[in-house]
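Engineer: How does the following fold in three dimensions:
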Amino acid sequence: MLLQELFAAGPASRADLARSSGLTRVTVSDLVAELLAEGLVEELGTPTESRVGKPPTMVGLVADAKHVVAIDLSVDDQVAGAVLTLEGQVVLRDARPRDGRTGADAVALVREFAADLIARSSRPLLGVAVATPGVVTPDGVVLDAPNLGWHDLHLAEDLAAALDLPVYVANDANTAVMGEFVFGSRGEGGLLLLRLSTGLGAGLVINGALLHGQGGAAGEIGHVQVDPDGPLCGCGRPGCLETYLAVPRLRRELAAAGAGADAVLADAGARLGQALASVVATLNLGEVVLSGPADLVEPLARVAEQAVRDRVMPVSAQQFVVRTSSLGDDGVLAGATGVVLAGELGVS
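Structural biologist: Take a look at the predicted model:
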């Protein structure tokens with residue numbers, strides 16, 4: 001509770017923490033002493049403004065007390081990763097080509113890459129988080145990730161045993177929405193983020209809680225069929241939304257279109273808006289966030305916003321916006337930090 005307060009609201013005195021948490025001052029003092037001993041918080045001196053009586057001593061979170069290793073598997077044919085502080089700031093980053101590796105070979109690459117990042121961290125590690133496309137259970141089992149050739153893979157358990165650290169594995173869109181919620185704009189009421197990468201997925205936070213859905217498959221909007229006569233999707237069905245918006249496919253279409261590239265983006269954005277409209281109307285969302293390559297998500301956001309507005313009631317569209325992520329390319333990495341913070345410290 002105290003770490004959550006310090007993380008969300010910034011430095012506070014012990015008396016302030018007692019008031020906000022409802023704990024007694026003695027309990028707060030004891031807990032702060034433990035956190036000071038662990039190095040997670042530090043005393044910051046007294047505030048500059050004058051008060052009657054003895055000024056309180058402020059305490060604050062030490063962002064660099066521990067590091068988090070984050071790995072992003074959603075980048076096209078690449079394994080990207082970073083070491084980050086507890087506030088989601090990148091300390092160092094690296095990337096390696098995946099070279100089409102799938103199955104056990106892809107697992108070995110992730111394990112070796114994680115071990116290298118761990119060795120390069122200059123602080124104790126709080127944990128490791130891996131963001132992957134596909135359907136992932138809350139306990140880190142990858143039920144289905146076709147692009148990586150993973151099915152019923154206990155990735156979190158396998159990596160934790162190999163790395164001797166807590167390991168969290170989550171869907172890349174869920175990870176990105178956690179990053180946006182924890183380190184970016186929390187959104188009013190609900191936050192829906194769509195991640196454009198090797199596939200297309202969505203993450204949804206409602207009242208501060210990540211929505212997993214039945215079987216952990218919430219957010220699989222990429223496999224909503226938008227054209228029964230469209231191109232064949234990796235899932236085996238034709239015309240899924242992902243066939244129009246997955247980054248590798250979209251870039252191939254843009255390259256082939258030449259001067260007609262704007263029409264390709266307009267068509268993709270319109271299909272995205274078509275799929276989003278019922279979700280926006282049902283949940284009364286005020287905004288949808290797009291995460292992915294800036295040159296793609298910026299024009300898609302404009303088209304998709306208008307497409308949604310054209311399909312919902314005026315009251316639903318009155319202040320509705322589709323925008324790009326405030327965290328840019330680091331949204332997934334920052335979100336992976338948030339996943340570890342939530343799992344290890346209860347902070348979100």
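
Engineer: Residue 246 against residue 196, yeah?
Structural biologist: Yes: if you go by C-beta atoms under 8 Å, residue 246 and residue 196 touch, sitting 7.3 Å apart. No exception for glycine: its C-beta is placed from N, CA and C like everyone else's.

Engineer: low-confidence ranges in this protein?
Structural biologist: Scanning the chain with the threshold set as pLDDT under 70 gives 48-53, 185-189.

Engineer: for it, what spans make up the helices?
Structural biologist: Secondary structure of the chain by DSSP state H: the helices cover 2-9, 14-21, 25-38, 103-120, 155-163, 172-183, 242-245, 247-257, 261-283, 294-309, 314-317, 331-345.

Engineer: what's the most buried one of the ones you listed?
Structural biologist: Among the helices of the chain, judged by mean count of other C-beta atoms under 10 Å, the one packed with the most neighbours on average is helix 172-183 (a mean of 28).

Engineer: coming back round to it: could you dump the helices of the chain to a markdown table with distance to residue 220?
Structural biologist: What follows is these, written out as a markdown table (distance: least, C-beta to C-beta, whole Å):
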| stretch | distance to residue 220 |
| --- | --- |
| helix 2-9 | 30 |
| helix 14-21 | 38 |
| helix 25-38 | 39 |
| helix 103-120 | 21 |
| helix 155-163 | 18 |
| helix 172-183 | 9 |
| helix 242-245 | 9 |
| helix 247-257 | 17 |
| helix 261-283 | 11 |
| helix 294-309 | 18 |
| helix 314-317 | 23 |
| helix 331-345 | 17 |
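
Engineer: Out of the ones you listed, the one nearest residue 94 is which?
Structural biologist: Each of the helices of the chain has some distance to residue 94 by C-beta to C-beta; the shortest is helix 103-120, at 6.7 Å.

Engineer: Tell me how far that closest one lies from the chain's centre.
Structural biologist: Relative to the mean C-alpha coordinate of its chain, helix 103-120 is positioned 20 Å out (C-alpha atoms, centre = their mean, to the nearest Å).

Engineer: circling back: so which of the helices of the chain is nearest residue 149?
Structural biologist: With C-beta to C-beta as the yardstick, what comes closest out of those is helix 103-120 (4.2 Å).

Engineer: Contacts for the closest one, please.
Structural biologist: In this structure, residues lying in contact with helix 103-120 by C-beta atoms under 8 Å, 6 or more residues apart in numbering are 69, 71, 73, 79, 81-83, 92, 94, 96, 98, 101, 125, 128, 130, 148-150, 153, 155, 158-159, 162-163, 165.

Engineer: What about those residues, which are in strands?
Structural biologist: Counting by DSSP state E, these place 69, 71, 79, 81-83, 92, 94, 96, 125, 128, 130, 150, 153 in strands.

Engineer: Quick one: buried ones out of the residues you listed?
Structural biologist: Under a neighbour-count criterion of 16 or more other C-beta atoms under 10 Å, the subset of the ones in strands among the contacts of helix 103-120 counted as buried comprises 69, 71, 79, 81, 82, 83, 125, 128, 130, 150, 153.

Engineer: what's the distance between the fifth one and residue 268?
Structural biologist: The one in question is residue 82. Between residue 82 and residue 268 the distance, using C-beta to C-beta, to the nearest Å, works out to 29 Å.

Engineer: just to revisit the earlier point, and the buried ones among the ones in strands among the contacts of helix 103-120, which is closest to residue 3?
Structural biologist: Taking C-beta to C-beta as the measure, residue 3 lies nearest residue 125 of these, at 17.4 Å.

Engineer: contacting residues around that closest one?
Structural biologist: Taking C-beta under 8 Å, 6+ apart, we find residue 125 in contact with 66, 67, 68, 69, 118, 165.
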